[in-house]
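Peer 1: Give the three-dimensional model of this entry:
(one chain, ligands or ions: 1)
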Amino acid sequence: MSDLPQTTAPATVKRGAEIEVLIESLAFGGEGVGRVDGLVVFVPDTLPGQKVLARVQRKKSSYAKARLLEILQPSADQVQPRCVHFDDCGGCTFQHYRYEKQLEAKSAQVSETLQHLGGLSNSPILPILPTPNLFFYRNKMEYTFGVQRWIPKAEANSGVEIADKDFALGLHVRGRYEKILSIDECHLQSEKSNAIRNFVSAWARKSKLLPYTTRDHSGFWRFLVIREGKNTDQIMVNIVTNEGGKAGIKAVDQLAAELLKRFPEVTTIVHSINRKKAQVASGQEARVLHGDGMIFENIGDLQFRISPESFFQTNTHGTELLYAKVAEFAELRGDEVLFDFYCGAGTIGIYLSQSVQKVVGIEVIPDAIRDAEQNCELNGIDNCHFICGDLKEQLESTESKLAGHGTPDVIVFDPPRAGLHPAVIERSLAFGAEKIVYVSCNPGTFARDAKMLCEGGYSLRRVQPVDMFPHTPHIELVSVFHKNPI
Ligand SMILES: C[S@@+](CC[C@H](N)C(=O)[O-])C[C@H]1O[C@@H](n2cnc3c(N)ncnc32)[C@H](O)[C@@H]1O
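Peer 2: All right, here's what the predicted structure looks like:
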(Lines give C-alpha, C1' and ligand atoms only; values in the text may rest on other atoms or scores of the structure.)
Protein backbone atom coordinates (compact mmCIF):
# COMPACT_ATOMS: atom_id res chain seq x y z
CA MET A 1 0.00 0.00 0.00
CA SER A 2 1.20 3.52 -0.75
CA ASP A 3 2.55 5.48 2.20
CA LEU A 4 1.14 8.68 0.68
CA PRO A 5 -1.62 10.37 2.67
CA GLN A 6 -5.20 9.71 1.55
CA THR A 7 -5.99 12.40 -0.96
CA THR A 8 -8.72 13.82 -3.08
CA ALA A 9 -6.16 15.15 -5.58
CA PRO A 10 -6.54 14.29 -9.27
CA ALA A 11 -5.17 10.94 -10.37
CA THR A 12 -2.85 12.36 -13.07
CA VAL A 13 -0.65 13.96 -10.41
CA LYS A 14 0.96 10.91 -8.82
CA ARG A 15 4.35 10.56 -7.28
CA GLY A 16 6.81 9.68 -10.06
CA ALA A 17 4.45 10.79 -12.86
CA GLU A 18 5.60 13.14 -15.63
CA ILE A 19 3.26 16.11 -15.94
CA GLU A 20 3.04 19.20 -18.14
CA VAL A 21 2.62 22.41 -16.15
CA LEU A 22 1.99 25.96 -17.29
CA ILE A 23 3.74 28.13 -14.68
CA GLU A 24 1.48 30.98 -13.61
CA SER A 25 3.34 32.75 -10.81
CA LEU A 26 6.26 32.62 -8.39
CA ALA A 27 5.65 31.55 -4.82
CA PHE A 28 7.37 33.16 -1.85
CA GLY A 29 10.90 31.69 -1.95
CA GLY A 30 10.96 31.69 -5.75
CA GLU A 31 9.44 28.38 -6.86
CA GLY A 32 7.25 28.44 -9.99
CA VAL A 33 3.57 27.65 -9.39
CA GLY A 34 1.06 26.15 -11.78
CA ARG A 35 -2.09 24.06 -11.61
CA VAL A 36 -2.74 20.62 -13.01
CA ASP A 37 -6.36 19.46 -12.93
CA GLY A 38 -7.01 22.06 -10.24
CA LEU A 39 -4.14 20.97 -7.99
CA VAL A 40 -1.41 23.52 -7.15
CA VAL A 41 2.01 22.27 -8.30
CA PHE A 42 5.30 23.87 -7.24
CA VAL A 43 8.18 23.49 -9.71
CA PRO A 44 11.54 25.01 -8.66
CA ASP A 45 13.76 26.67 -11.34
CA THR A 46 10.84 27.77 -13.52
CA LEU A 47 9.36 31.11 -14.55
CA PRO A 48 5.80 32.35 -15.05
CA GLY A 49 4.80 31.84 -18.69
CA GLN A 50 6.93 28.72 -19.16
CA LYS A 51 5.29 25.43 -20.07
CA VAL A 52 7.36 22.69 -18.53
CA LEU A 53 7.63 18.94 -18.24
CA ALA A 54 8.17 17.95 -14.62
CA ARG A 55 8.29 14.81 -12.48
CA VAL A 56 6.10 14.70 -9.38
CA GLN A 57 8.22 14.18 -6.28
CA ARG A 58 5.69 14.73 -3.54
CA LYS A 59 1.92 14.87 -3.49
CA LYS A 60 -0.28 16.14 -0.67
CA SER A 61 -4.02 16.73 -0.65
CA SER A 62 -3.67 20.45 -1.38
CA TYR A 63 -0.49 20.65 -3.47
CA ALA A 64 2.25 18.72 -5.24
CA LYS A 65 5.94 19.38 -5.74
CA ALA A 66 7.65 18.45 -9.01
CA ARG A 67 11.18 18.54 -10.42
CA LEU A 68 11.81 20.33 -13.70
CA LEU A 69 12.72 17.93 -16.54
CA GLU A 70 12.40 20.13 -19.61
CA ILE A 71 11.19 23.57 -20.64
CA LEU A 72 8.66 22.86 -23.39
CA GLN A 73 7.85 26.50 -24.10
CA PRO A 74 9.81 29.56 -22.95
CA SER A 75 8.28 32.51 -21.14
CA ALA A 76 7.77 35.77 -23.05
CA ASP A 77 9.50 37.44 -20.08
CA GLN A 78 12.67 35.38 -20.29
CA VAL A 79 15.84 37.33 -21.09
CA GLN A 80 19.39 36.26 -21.84
CA PRO A 81 21.24 35.81 -18.52
CA ARG A 82 24.43 37.82 -18.32
CA CYS A 83 26.55 35.29 -16.42
CA VAL A 84 28.30 32.25 -17.91
CA HIS A 85 27.65 30.35 -14.67
CA PHE A 86 23.90 30.99 -14.71
CA ASP A 87 22.80 27.38 -15.32
CA ASP A 88 24.71 25.98 -12.33
CA CYS A 89 25.16 28.80 -9.83
CA GLY A 90 22.84 29.24 -6.88
CA GLY A 91 23.58 32.99 -6.76
CA CYS A 92 21.28 34.82 -9.21
CA THR A 93 18.57 32.32 -10.07
CA PHE A 94 16.31 34.95 -11.70
CA GLN A 95 18.90 36.65 -13.90
CA HIS A 96 16.93 35.33 -16.89
CA TYR A 97 13.64 36.97 -15.79
CA ARG A 98 12.78 40.49 -16.98
CA TYR A 99 13.51 42.83 -14.06
CA GLU A 100 10.05 44.51 -14.05
CA LYS A 101 8.55 41.01 -13.71
CA GLN A 102 10.88 40.19 -10.81
CA LEU A 103 9.57 43.31 -9.05
CA GLU A 104 5.92 42.43 -9.78
CA ALA A 105 6.45 38.92 -8.41
CA LYS A 106 8.08 40.23 -5.21
CA SER A 107 5.28 42.75 -4.64
CA ALA A 108 2.66 40.03 -5.06
CA GLN A 109 4.55 37.76 -2.66
CA VAL A 110 4.63 40.44 0.05
CA SER A 111 0.90 41.01 -0.17
CA GLU A 112 0.04 37.27 -0.31
CA THR A 113 2.36 36.49 2.61
CA LEU A 114 0.86 39.23 4.76
CA GLN A 115 -2.60 37.96 3.94
CA HIS A 116 -1.97 34.23 4.36
CA LEU A 117 0.61 34.11 7.17
CA GLY A 118 -0.36 37.32 8.94
CA GLY A 119 -4.11 37.34 8.32
CA LEU A 120 -3.63 40.99 7.29
CA SER A 121 -5.70 41.69 4.20
CA ASN A 122 -5.67 45.10 2.52
CA SER A 123 -2.28 45.90 4.05
CA PRO A 124 -0.96 49.35 3.12
CA ILE A 125 1.78 48.09 0.79
CA LEU A 126 3.57 50.71 -1.31
CA PRO A 127 4.98 49.95 -4.79
CA ILE A 128 8.32 48.15 -4.45
CA LEU A 129 11.44 50.35 -4.77
CA PRO A 130 13.81 48.91 -7.40
CA THR A 131 17.49 48.43 -6.66
CA PRO A 132 19.65 51.38 -7.77
CA ASN A 133 22.08 48.93 -9.45
CA LEU A 134 21.04 45.76 -11.26
CA PHE A 135 24.55 44.28 -11.23
CA PHE A 136 27.66 44.71 -9.06
CA TYR A 137 25.46 45.84 -6.19
CA ARG A 138 26.97 43.75 -3.35
CA ASN A 139 29.64 45.07 -1.02
CA LYS A 140 30.38 41.62 0.40
CA MET A 141 31.00 38.24 -1.24
CA GLU A 142 31.70 35.00 0.54
CA TYR A 143 33.35 32.31 -1.59
CA THR A 144 33.79 28.73 -0.37
CA PHE A 145 36.69 26.37 -1.03
CA GLY A 146 35.83 22.75 -1.86
CA VAL A 147 37.63 19.47 -2.53
CA GLN A 148 35.27 18.32 -5.22
CA ARG A 149 34.63 20.80 -8.00
CA TRP A 150 31.13 20.74 -9.48
CA ILE A 151 31.49 19.85 -13.15
CA PRO A 152 28.90 21.76 -15.22
CA LYS A 153 27.08 19.68 -17.86
CA ALA A 154 28.57 21.69 -20.74
CA GLU A 155 32.10 20.96 -19.48
CA ALA A 156 31.34 17.27 -18.88
CA ASN A 157 29.99 16.95 -22.44
CA SER A 158 32.76 18.99 -24.09
CA GLY A 159 35.01 16.00 -24.75
CA VAL A 160 37.92 17.91 -23.20
CA GLU A 161 39.72 16.16 -20.35
CA ILE A 162 38.43 17.50 -17.03
CA ALA A 163 41.14 19.25 -15.00
CA ASP A 164 41.28 20.34 -11.32
CA LYS A 165 38.46 18.09 -10.18
CA ASP A 166 39.62 18.25 -6.57
CA PHE A 167 39.79 22.00 -6.06
CA ALA A 168 37.07 24.63 -6.14
CA LEU A 169 36.66 28.20 -4.99
CA GLY A 170 33.31 29.68 -5.73
CA LEU A 171 29.62 29.63 -4.89
CA HIS A 172 27.12 26.94 -4.00
CA VAL A 173 25.48 25.04 -6.82
CA ARG A 174 21.82 25.76 -7.42
CA GLY A 175 19.75 23.44 -5.25
CA ARG A 176 22.89 21.52 -4.11
CA TYR A 177 24.18 23.49 -1.16
CA GLU A 178 26.98 21.02 -0.37
CA LYS A 179 28.52 21.34 -3.88
CA ILE A 180 30.87 24.14 -4.90
CA LEU A 181 30.97 25.64 -8.37
CA SER A 182 34.28 27.28 -9.24
CA ILE A 183 33.57 30.80 -10.38
CA ASP A 184 35.66 32.83 -12.77
CA GLU A 185 33.15 35.58 -13.46
CA CYS A 186 30.47 37.00 -11.21
CA HIS A 187 28.27 40.07 -11.65
CA LEU A 188 27.51 40.65 -8.00
CA GLN A 189 30.41 42.64 -6.54
CA SER A 190 32.90 44.17 -9.00
CA GLU A 191 35.47 43.34 -11.65
CA LYS A 192 38.19 44.00 -9.05
CA SER A 193 36.62 41.45 -6.72
CA ASN A 194 36.56 38.94 -9.59
CA ALA A 195 40.26 39.49 -10.24
CA ILE A 196 41.12 39.09 -6.55
CA ARG A 197 39.11 35.85 -6.25
CA ASN A 198 40.69 34.41 -9.38
CA PHE A 199 44.17 35.31 -8.11
CA VAL A 200 43.54 33.69 -4.69
CA SER A 201 42.00 30.63 -6.36
CA ALA A 202 45.01 30.09 -8.65
CA TRP A 203 47.46 30.63 -5.78
CA ALA A 204 45.69 28.30 -3.31
CA ARG A 205 45.27 25.61 -5.99
CA LYS A 206 49.01 25.58 -6.57
CA SER A 207 49.83 25.56 -2.84
CA LYS A 208 50.60 22.31 -1.06
CA LEU A 209 47.59 22.77 1.20
CA LEU A 210 44.17 21.34 0.40
CA PRO A 211 40.69 22.80 0.65
CA TYR A 212 38.80 21.95 3.83
CA THR A 213 36.19 19.23 3.67
CA THR A 214 33.27 18.64 6.01
CA ARG A 215 33.52 14.90 5.28
CA ASP A 216 36.35 14.36 7.79
CA HIS A 217 37.10 17.99 8.69
CA SER A 218 40.55 17.82 7.13
CA GLY A 219 42.13 20.34 4.76
CA PHE A 220 43.06 23.99 5.17
CA TRP A 221 41.44 26.56 2.86
CA ARG A 222 37.86 27.31 3.96
CA PHE A 223 36.50 30.67 2.70
CA LEU A 224 37.48 33.84 0.92
CA VAL A 225 35.48 36.89 1.98
CA ILE A 226 35.84 40.13 0.01
CA ARG A 227 34.27 43.36 1.31
CA GLU A 228 34.28 46.58 -0.66
CA GLY A 229 33.24 50.08 0.34
CA LYS A 230 31.13 51.10 -2.66
CA ASN A 231 31.36 54.77 -1.65
CA THR A 232 34.98 54.63 -0.39
CA ASP A 233 36.70 52.18 -2.78
CA GLN A 234 38.26 50.41 0.22
CA ILE A 235 38.74 46.63 0.01
CA MET A 236 39.02 43.99 2.72
CA VAL A 237 40.22 40.48 1.91
CA ASN A 238 39.56 37.92 4.64
CA ILE A 239 41.11 34.48 4.13
CA VAL A 240 39.38 31.97 6.37
CA THR A 241 41.23 28.73 7.00
CA ASN A 242 41.34 25.74 9.29
CA GLU A 243 44.18 25.52 11.82
CA GLY A 244 47.22 24.74 9.69
CA GLY A 245 50.21 25.06 12.02
CA LYS A 246 53.38 26.77 10.80
CA ALA A 247 52.84 25.68 7.19
CA GLY A 248 49.39 27.27 7.19
CA ILE A 249 50.66 30.57 8.61
CA LYS A 250 53.51 30.64 6.10
CA ALA A 251 51.18 29.94 3.17
CA VAL A 252 48.70 32.68 4.10
CA ASP A 253 51.50 35.18 4.76
CA GLN A 254 52.96 34.45 1.32
CA LEU A 255 49.56 34.65 -0.34
CA ALA A 256 48.89 38.02 1.36
CA ALA A 257 52.26 39.41 0.25
CA GLU A 258 51.71 38.35 -3.35
CA LEU A 259 48.11 39.56 -3.34
CA LEU A 260 49.31 42.99 -2.23
CA LYS A 261 51.97 43.10 -4.92
CA ARG A 262 49.32 42.39 -7.53
CA PHE A 263 46.54 44.49 -5.92
CA PRO A 264 48.17 47.34 -3.93
CA GLU A 265 44.72 48.95 -3.66
CA VAL A 266 43.59 46.27 -1.17
CA THR A 267 43.14 48.23 2.07
CA THR A 268 43.33 45.41 4.57
CA ILE A 269 44.03 41.66 4.66
CA VAL A 270 42.87 39.45 7.52
CA HIS A 271 43.55 35.77 8.19
CA SER A 272 40.71 34.22 10.23
CA ILE A 273 41.34 30.79 11.71
CA ASN A 274 38.20 28.70 12.17
CA ARG A 275 39.06 25.57 14.17
CA LYS A 276 35.43 24.59 14.63
CA LYS A 277 33.42 22.19 12.49
CA ALA A 278 30.65 24.71 11.74
CA GLN A 279 31.09 25.86 8.13
CA VAL A 280 31.02 29.60 8.84
CA ALA A 281 33.23 32.22 7.25
CA SER A 282 34.58 33.56 10.52
CA GLY A 283 37.16 32.36 13.00
CA GLN A 284 38.09 32.12 16.65
CA GLU A 285 41.35 33.94 15.92
CA ALA A 286 42.11 36.74 13.47
CA ARG A 287 45.55 37.84 12.27
CA VAL A 288 45.66 41.22 10.59
CA LEU A 289 48.25 40.93 7.82
CA HIS A 290 47.84 44.34 6.23
CA GLY A 291 46.06 47.59 7.15
CA ASP A 292 43.81 48.05 10.18
CA GLY A 293 41.67 44.91 9.88
CA MET A 294 38.61 46.93 8.86
CA ILE A 295 37.28 49.17 6.11
CA PHE A 296 34.93 52.14 5.95
CA GLU A 297 31.71 52.63 4.04
CA ASN A 298 29.59 55.78 3.73
CA ILE A 299 25.82 55.98 3.96
CA GLY A 300 24.57 59.52 3.36
CA ASP A 301 26.89 61.93 5.17
CA LEU A 302 27.95 59.27 7.67
CA GLN A 303 31.00 57.05 7.72
CA PHE A 304 30.82 53.50 9.07
CA ARG A 305 33.58 51.17 10.14
CA ILE A 306 33.19 47.53 9.10
CA SER A 307 35.10 44.72 10.85
CA PRO A 308 35.37 41.20 9.44
CA GLU A 309 32.69 39.88 11.83
CA SER A 310 30.26 42.81 11.70
CA PHE A 311 26.96 42.67 9.91
CA PHE A 312 26.64 45.42 7.33
CA GLN A 313 23.82 45.62 4.78
CA THR A 314 25.26 44.08 1.61
CA ASN A 315 23.75 46.43 -0.99
CA THR A 316 25.18 49.87 -0.12
CA HIS A 317 23.09 51.93 -2.55
CA GLY A 318 19.98 49.89 -1.67
CA THR A 319 20.71 50.61 2.00
CA GLU A 320 20.67 54.34 1.28
CA LEU A 321 17.07 53.89 0.07
CA LEU A 322 16.18 51.56 2.94
CA TYR A 323 17.45 53.86 5.70
CA ALA A 324 15.84 56.91 4.08
CA LYS A 325 12.52 55.01 4.30
CA VAL A 326 13.17 54.13 7.95
CA ALA A 327 13.68 57.85 8.66
CA GLU A 328 10.58 58.83 6.67
CA PHE A 329 8.40 56.23 8.42
CA ALA A 330 9.70 57.10 11.90
CA GLU A 331 8.58 60.79 11.47
CA LEU A 332 10.84 61.89 14.30
CA ARG A 333 10.27 65.18 16.17
CA GLY A 334 13.65 65.43 17.87
CA ASP A 335 12.69 64.67 21.47
CA GLU A 336 12.29 60.87 21.25
CA VAL A 337 14.11 58.02 22.94
CA LEU A 338 14.70 55.45 20.19
CA PHE A 339 15.58 51.81 20.84
CA ASP A 340 17.49 50.21 17.94
CA PHE A 341 16.99 46.48 18.45
CA TYR A 342 19.41 44.17 16.52
CA CYS A 343 21.54 47.24 15.81
CA GLY A 344 24.57 45.56 14.16
CA ALA A 345 27.31 48.19 13.83
CA GLY A 346 24.82 50.84 14.97
CA THR A 347 24.06 52.04 11.47
CA ILE A 348 20.30 52.69 11.72
CA GLY A 349 20.53 54.27 15.18
CA ILE A 350 23.41 56.51 14.14
CA TYR A 351 21.60 57.43 10.91
CA LEU A 352 18.61 58.59 12.99
CA SER A 353 20.56 59.99 15.95
CA GLN A 354 20.45 63.63 14.86
CA SER A 355 16.64 63.49 14.75
CA VAL A 356 16.08 62.15 18.29
CA GLN A 357 17.07 62.90 21.87
CA LYS A 358 18.79 59.55 22.44
CA VAL A 359 19.42 56.16 20.80
CA VAL A 360 19.90 52.88 22.69
CA GLY A 361 21.06 49.94 20.53
CA ILE A 362 21.29 46.25 21.38
CA GLU A 363 23.31 43.69 19.46
CA VAL A 364 24.74 40.26 20.29
CA ILE A 365 28.10 40.41 18.41
CA PRO A 366 30.81 42.16 20.48
CA ASP A 367 32.78 43.27 17.37
CA ALA A 368 29.68 44.96 15.97
CA ILE A 369 29.14 46.85 19.25
CA ARG A 370 32.76 47.96 19.23
CA ASP A 371 32.22 49.18 15.65
CA ALA A 372 28.99 50.93 16.70
CA GLU A 373 30.83 52.83 19.46
CA GLN A 374 33.67 53.78 17.15
CA ASN A 375 31.17 54.77 14.46
CA CYS A 376 29.69 57.30 16.90
CA GLU A 377 33.12 58.73 17.63
CA LEU A 378 33.98 58.81 13.94
CA ASN A 379 30.87 60.83 13.16
CA GLY A 380 31.05 63.07 16.24
CA ILE A 381 27.82 61.65 17.68
CA ASP A 382 27.32 61.55 21.44
CA ASN A 383 23.67 60.64 22.02
CA CYS A 384 23.91 56.89 21.28
CA HIS A 385 24.46 54.11 23.79
CA PHE A 386 25.15 50.56 22.62
CA ILE A 387 24.61 47.40 24.65
CA CYS A 388 26.17 44.04 23.82
CA GLY A 389 23.82 41.18 24.62
CA ASP A 390 21.09 38.84 23.50
CA LEU A 391 17.97 40.96 23.04
CA LYS A 392 15.56 38.45 24.59
CA GLU A 393 17.81 38.00 27.63
CA GLN A 394 18.20 41.73 28.05
CA LEU A 395 14.45 42.26 27.84
CA GLU A 396 13.73 39.47 30.34
CA SER A 397 16.58 39.96 32.81
CA THR A 398 16.04 41.62 36.17
CA GLU A 399 19.57 42.98 35.80
CA SER A 400 19.11 44.20 32.26
CA LYS A 401 21.66 46.62 30.83
CA LEU A 402 18.60 48.48 29.48
CA ALA A 403 17.70 49.59 33.00
CA GLY A 404 18.18 53.31 33.41
CA HIS A 405 17.62 54.05 29.73
CA GLY A 406 13.94 54.88 30.14
CA THR A 407 11.18 53.73 27.85
CA PRO A 408 11.30 54.17 24.11
CA ASP A 409 9.02 56.45 22.11
CA VAL A 410 10.11 54.61 18.98
CA ILE A 411 11.43 51.06 18.55
CA VAL A 412 13.31 49.96 15.44
CA PHE A 413 13.49 46.21 14.86
CA ASP A 414 15.89 44.81 12.26
CA PRO A 415 16.10 41.12 13.17
CA PRO A 416 17.77 38.24 11.32
CA ARG A 417 15.61 36.06 9.01
CA ALA A 418 14.06 34.18 11.94
CA GLY A 419 12.25 37.36 12.99
CA LEU A 420 11.22 38.13 16.57
CA HIS A 421 10.87 35.69 19.44
CA PRO A 422 7.34 35.93 20.94
CA ALA A 423 8.91 36.96 24.26
CA VAL A 424 10.72 39.84 22.50
CA ILE A 425 7.39 41.00 21.05
CA GLU A 426 5.61 40.66 24.37
CA ARG A 427 8.27 42.63 26.30
CA SER A 428 8.50 45.26 23.57
CA LEU A 429 4.72 45.75 23.54
CA ALA A 430 4.91 46.46 27.27
CA PHE A 431 7.02 49.57 26.57
CA GLY A 432 4.02 51.14 24.85
CA ALA A 433 6.16 52.98 22.24
CA GLU A 434 4.23 55.35 19.95
CA LYS A 435 5.75 53.81 16.84
CA ILE A 436 7.50 50.63 15.83
CA VAL A 437 9.55 50.61 12.64
CA TYR A 438 10.25 47.03 11.55
CA VAL A 439 12.90 46.29 8.88
CA SER A 440 12.64 42.71 7.65
CA CYS A 441 14.56 40.48 5.26
CA ASN A 442 11.89 37.76 5.50
CA PRO A 443 8.26 38.61 4.72
CA GLY A 444 7.19 35.22 6.17
CA THR A 445 8.43 35.88 9.70
CA PHE A 446 7.49 39.56 9.34
CA ALA A 447 3.86 38.57 8.61
CA ARG A 448 3.79 36.35 11.72
CA ASP A 449 5.27 39.13 13.90
CA ALA A 450 3.06 41.82 12.35
CA LYS A 451 0.01 39.80 13.36
CA MET A 452 1.22 39.70 16.98
CA LEU A 453 1.99 43.42 16.99
CA CYS A 454 -1.48 44.18 15.63
CA GLU A 455 -3.09 41.88 18.20
CA GLY A 456 -1.00 43.71 20.83
CA GLY A 457 -2.53 47.12 20.14
CA TYR A 458 -0.72 48.45 17.06
CA SER A 459 -1.90 49.23 13.52
CA LEU A 460 0.21 48.52 10.48
CA ARG A 461 0.39 51.88 8.68
CA ARG A 462 2.78 51.30 5.78
CA VAL A 463 4.86 48.54 4.22
CA GLN A 464 7.61 49.47 1.76
CA PRO A 465 9.28 46.58 -0.06
CA VAL A 466 12.79 47.50 -1.26
CA ASP A 467 14.55 45.30 -3.80
CA MET A 468 17.97 44.91 -2.22
CA PHE A 469 18.78 41.61 -3.97
CA PRO A 470 17.85 41.70 -7.67
CA HIS A 471 17.86 38.36 -9.55
CA THR A 472 17.33 36.47 -6.27
CA PRO A 473 14.11 35.55 -4.46
CA HIS A 474 15.09 37.63 -1.40
CA ILE A 475 12.82 40.47 -0.34
CA GLU A 476 13.56 43.28 2.10
CA LEU A 477 10.90 45.59 3.52
CA VAL A 478 10.45 48.51 5.91
CA SER A 479 7.19 48.96 7.78
CA VAL A 480 5.73 51.19 10.44
CA PHE A 481 3.20 50.41 13.17
CA HIS A 482 1.40 53.07 15.23
CA LYS A 483 0.07 52.44 18.72
CA ASN A 484 -3.72 52.45 18.71
CA PRO A 485 -5.33 55.12 20.87
CA ILE A 486 -6.66 53.60 24.12
C1 LIG B 1 19.64 42.09 9.87
S2 LIG B 1 20.98 42.50 10.92
C3 LIG B 1 20.65 44.19 11.22
C4 LIG B 1 21.83 45.05 11.55
C5 LIG B 1 21.66 46.56 11.45
N6 LIG B 1 20.40 47.02 11.91
C7 LIG B 1 21.96 47.05 10.05
O8 LIG B 1 21.08 47.64 9.40
O9 LIG B 1 23.09 46.88 9.58
C10 LIG B 1 20.54 41.66 12.37
C11 LIG B 1 21.51 41.83 13.51
O12 LIG B 1 20.98 41.14 14.64
C13 LIG B 1 22.04 40.60 15.39
N14 LIG B 1 21.46 39.56 16.26
C15 LIG B 1 21.14 38.29 15.91
N16 LIG B 1 20.59 37.65 16.96
C17 LIG B 1 20.55 38.52 17.99
C18 LIG B 1 20.09 38.44 19.33
N19 LIG B 1 19.56 37.32 19.80
N20 LIG B 1 20.19 39.53 20.12
C21 LIG B 1 20.74 40.68 19.65
N22 LIG B 1 21.20 40.81 18.37
C23 LIG B 1 21.11 39.76 17.55
C24 LIG B 1 22.99 40.10 14.31
O25 LIG B 1 24.29 39.93 14.83
C26 LIG B 1 22.89 41.22 13.28
O27 LIG B 1 23.87 42.21 13.51
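
Peer 1: how long is stretch 261-279 from one end to the other?
Peer 2: Terminal residues of stretch 261-279 lie 30 Å apart, using Cα to Cα, to the nearest Å.

Peer 1: Report the buried residues of that stretch.
Peer 2: Across stretch 261-279, burial judged by 16 or more other Cβ atoms under 10 Å covers 266-274. C-betas here are computed from N, CA, C, even on glycine.

Peer 1: And stretch 207-224, by the same measure?
Peer 2: Applying 16+ other Cβ under 10 Å to stretch 207-224 flags 207, 209-213, 219-224 as buried.

Peer 1: cool, and stretch 351-366?
Peer 2: Within stretch 351-366, judged by 16+ other Cβ under 10 Å, the buried ones are 351-353, 355-356, 358-365.

Peer 1: Sort out for me which of the residues you listed are in strands.
Peer 2: With strands taken from DSSP state E, the overlap with the buried residues of stretch 351-366 comprises 358-363.

Peer 1: Spell out which parts of the stretch 351-486 of the chain neighbour the ligand.
Peer 2: 362-365, 368, 390-391, 414-416 (Cβ under 6 Å from any ligand atom).

Peer 1: what's the farthest-apart pair in these?
Peer 2: 390 and 414 (15.4 Å; Cβ to Cβ).

Peer 1: Comparing the two, which shows the higher neighbour count?
Peer 2: Taking neighbours as other Cβ atoms under 10 Å, residue 390 and residue 414 compare with residue 414 leading, 23 against 14.

Peer 1: which residues does residue 228 form a beta bridge with?
Peer 2: Beta-bridge partners for residue 228, by DSSP bridges, are residue 235.

Peer 1: For this structure, what lies in contact range of the ligand?
Peer 2: Neighbours of the ligand within the chain, by Cβ under 6 Å from any ligand atom: 311-313, 342-344, 347-348, 362-365, 368, 390-391, 414-416.

Peer 1: let's see it at 5 Å
Peer 2: Proximity of the chain to the ligand (Cβ under 5 Å from any ligand atom) is limited to residues 311, 313, 342, 344, 347-348, 363-365, 390-391, 414, 416.

Peer 1: In helices, which of those residues appear?
Peer 2: 347-348, 391 (DSSP state H).

Peer 1: Just among those residues, which is most surrounded?
Peer 2: residue 348 (29 neighbours).

Peer 1: returning to that earlier point: now the buried residues of stretch 261-279 as a markdown table including pLDDT and distance to residue 464?
Peer 2: Shown next, in a markdown table, are the buried residues of stretch 261-279 (pLDDT from 0 to 100; distance: Cβ to Cβ, whole Å):
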| residue | pLDDT | distance to residue 464 |
| --- | --- | --- |
| 266 | 98 | 36 |
| 267 | 98 | 34 |
| 268 | 98 | 35 |
| 269 | 98 | 38 |
| 270 | 98 | 35 |
| 271 | 98 | 40 |
| 272 | 96 | 36 |
| 273 | 96 | 41 |
| 274 | 94 | 37 |
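
Peer 1: and of the buried residues of stretch 207-224, the nearest to residue 478?
Peer 2: Using Cβ to Cβ, these come closest to residue 478 at residue 223, 30.6 Å.

Peer 1: chain center to the host helix or strand of that closest one, what's the gap?
Peer 2: Residue 223 is part of strand 221-228, with elements assigned from DSSP states H and E. Relative to its chain's centre, strand 221-228 lies at 16 Å (Cα atoms, centre = their mean, to the nearest Å).

Peer 1: Remind me what it packs against, helices and strands.
Peer 2: Under the contact definition 3 or more Cβ pairs under 8 Å, 6 or more residues apart in numbering; DSSP states H and E, strand 221-228 sits against strand 140-146, helix 191-206, strand 235-241.

Peer 1: Now do the same contact list for residue 226.
Peer 2: When contacts are counted by Cβ atoms under 8 Å, 6 or more residues apart in numbering, residue 226 touches 140-141, 143, 189, 193, 196-197, 235-238.

Peer 1: Highest neighbour count among these?
Peer 2: Among these, the one with the most neighbours (other Cβ under 10 Å) is residue 237, at 29 neighbours.

Peer 1: OK, contacts around that residue?
Peer 2: Taking Cβ under 8 Å, 6+ apart as the test, what residue 237 contacts is 196, 200, 224-226, 256, 259, 266, 268-270.

Peer 1: and residue 68, backbone torsions?
Peer 2: phi -60, psi 130 (degrees, to the nearest 10).

Peer 1: Tell me the residue of the stretch 301-450 of the chain that sits nearest the ligand?
Peer 2: residue 344 (2.7 Å; Cβ to the nearest ligand atom).

Peer 1: Now that residue: closest residue in space that isn't a chain neighbour?
Peer 2: Excluding its sequence neighbours, the residue lying closest to residue 344 (Cβ to Cβ, 6 or more residues apart in numbering) is residue 311, at 4.2 Å.

Peer 1: quick one, domains of this protein?
Peer 2: Here the domain parsing of the chain from automatic domain parsing is 18-73, 140-298, 299-483.
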